[in-house]
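Participant: Quick one: sequence and predicted model below, then my questions.
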Amino acid sequence: MSAFDAIHYENAIGKAIWNYFGLSDYTIVHISSFTDGLVHYDDIRVLWLDAIQGSKYDNGDLKLRIGRIVKLHNFNFTEWFPWLPGMFWTKFGIANKDRNLNNANERNGVLTYQNSTKQGTGILNPDEKTLSVLVESELFERT
Amino acid sequence: MIESPNGPLKVLGATTTDENRYRGNDVSGGIPIIMSKQAYESIDTVERNGVIKATVTGTCIEVPKQLENRLMSAPDVPRFCIYVGSQRNITKEHYTDDVSAAGWTIYEDQQNREYNMAFSTFNAVDVQDGPSSAGAFWRNYISDHNGMALTDFDEKTLRLEAAIPINSLSRGDIDRYRFQELVDRIERRYNLNQI
């Protein structure tokens, strides 16, 4: 092995170790958090409100924006991820959820939701599984 | 896992679950987390335990193109996720025993030619019985309404014999003839071609 090959070999080994242990990302995150600040969240609701409100009032000093380093404290990680990220915390999402729960009527142990307009029916199961069926207009409003 | 130029990436959801603070907190209100394979390996017991509580540091990034079929856009909501590339940015806390996930399906009422969306929550910690009980609940419900499931909710285990399986959708290899047939039916039902 020549000196030239040895240098390249060492570089390759170093790069492999660097990447394998995720050191590059670790370093980037820590350098960025020092220079650009670190935003802490222990509540998913606050995170989404920062994101949604920030997008409407872009004053150049958003707490949450692309490239920002965030630290999520005591979050629960699952393989189930949100289909429509953020929708839950919009005015429409909150109103829709509240309205479904407020319009539920119990009969024979099953909660049935009747929409005030037309065709909206749904069920809240007695074992706390919820099922809400949206009316036609809402279905297309969401998609 | 999804493939990317920088190697395989895993998609997770993250949320907080302090039910006392506000009602109805579940995974559908969570945030998508993208992890490198190396980072994910440090918490891959999530597949067995359903949920892992952890503190992570990551970067706010735009949703990668590979996820465009899986993460949809909501109006007025910025499209982003958190990327965690290193296992050194993850601190496992302790296991938790109750995190609500909400699956959904769109089904066709074949008698009235109506299309509805239905949700069902289940405990994500209960890896086996949680999603399977939600699936059973929907099968019964859709059957009671002379319906046919159009979409499924579990990419690992298809549970609803949906017309458009979710794994085909996420891979981008859906049966185009069947899909177009469905779109045509919906267009006719709601006169969408006249809008």
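Facilitator: Arrived safely, thanks for sending.

Participant: By average pLDDT, which secondary structure element in chain A comes out worst?
Facilitator: Of all helical and strand segments in chain A, the minimum by mean pLDDT, DSSP states H and E falls on helix A:136-142, at a mean of 34.

Participant: Against which helices or strands is the lengthiest strand in chain A packed?
Facilitator: Longest strand in chain A by number of residues (criterion: DSSP state E): strand A:69-78. If you count contacts as 3 or more Cβ pairs under 8 Å, 6 or more residues apart in numbering or on different chains; DSSP states H and E, strand A:69-78 packs onto helix A:23-36, strand A:38-41, helix A:44-56, strand B:9-15, strand B:51-62. Heads up, the C-betas are built off the backbone N, CA and C, glycines and all.

Participant: Buried residues of that strand, list them for me.
Facilitator: A:69, A:70, A:71, A:72, A:74, A:75, A:76, A:77, A:78 (16 or more other Cβ atoms under 10 Å in any protein chain shown).

Participant: Now do it against helix A:23-36, angle only.
Facilitator: Orientation check (axes from the mean of the first three to the mean of the last three Cα atoms, to 10 degrees): strand A:69-78 against helix A:23-36 gives 130 degrees.

Participant: quick one: strands adjacent to strand A:69-78?
Facilitator: Sheet pairing for strand A:69-78, assigned by DSSP bridges, gives strand A:38-41 (parallel), strand B:9-15 (antiparallel), strand B:51-62 (antiparallel).

Participant: Please dump the ones you listed into CSV; it should also carry mean neighbour count for every row.
Facilitator: CSV is the format used below for the strands paired with strand A:69-78 (neighbours: other Cβ atoms under 10 Å in any protein chain shown):
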stretch, mean neighbour count
strand A:38-41, 17
strand B:9-15, 24
strand B:51-62, 21
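
Participant: of all the ones you listed, which lies closest to residue B:174?
Facilitator: Of all the strands paired with strand A:69-78, it is strand B:9-15 that lies closest to residue B:174, at 19.3 Å by Cβ to Cβ.

Participant: Could you give the average pLDDT over the closest one?
Facilitator: For strand B:9-15, the per-residue pLDDT values average out at 86.

Participant: Let me see the domain layout of chain A.
Facilitator: If you go by automatic domain parsing, the domain ranges for chain A are A:3-72, A:90-142.

Participant: between those domains, which gets the lowest average pLDDT?
Facilitator: For the domains of chain A, where the average pLDDT is lowest is domain A:90-142, sitting at a mean of 46.

Participant: circling back: a markdown table for the buried residues of strand A:69-78, including distance to residue B:185?
Facilitator: Listed next are those as a markdown table, based on distance: Cβ to Cβ, whole Å:
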| residue | distance to residue B:185 |
| --- | --- |
| A:69 | 47 |
| A:70 | 43 |
| A:71 | 48 |
| A:72 | 43 |
| A:74 | 46 |
| A:75 | 41 |
| A:76 | 39 |
| A:77 | 39 |
| A:78 | 34 |
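
Participant: Run a quick neighbour tally on residue B:114.
Facilitator: Neighbours of residue B:114 under the rule other Cβ atoms under 10 Å in any protein chain shown: 18.

Participant: hang on, isn't it packed against residue B:189?
Facilitator: Yes. Look at residue B:114 against residue B:189 with Cβ atoms under 8 Å: they come within range, at 7.5 Å.

Participant: Check the gap between the residue nearest to residue B:16 when sequence neighbours are not counted and residue A:64 for me.
Facilitator: The shortest distance from residue B:16 to any non-neighbouring residue, by Cβ to Cβ, 6 or more residues apart in numbering or on different chains, is to residue A:44 (4.7 Å). Here the criterion is Cβ to Cβ, to the nearest Å. By it, residue A:44 lies 12 Å from residue A:64.

Participant: Chain B: helices as residue ranges?
Facilitator: In chain B, helices defined by DSSP state H lie at B:37-41, B:46-49, B:129-144, B:166-171, B:176-190, listed in chain order.

Participant: how about JSON lines for those, with mean pLDDT and distance to chain A added?
Facilitator: Supplementary listing: the helices of chain B in JSON lines, determined by pLDDT from 0 to 100; distance: least, Cβ to the nearest Cβ, whole Å:
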{"stretch": "helix B:37-41", "mean pLDDT": "90", "distance to chain A": "5"}
{"stretch": "helix B:46-49", "mean pLDDT": "88", "distance to chain A": "6"}
{"stretch": "helix B:129-144", "mean pLDDT": "84", "distance to chain A": "6"}
{"stretch": "helix B:166-171", "mean pLDDT": "74", "distance to chain A": "10"}
{"stretch": "helix B:176-190", "mean pLDDT": "79", "distance to chain A": "7"}
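
Participant: Ok, which of those comes nearest residue A:38?
Facilitator: Nearest of those to residue A:38, taken as Cβ to Cβ: helix B:37-41 at 17.7 Å.
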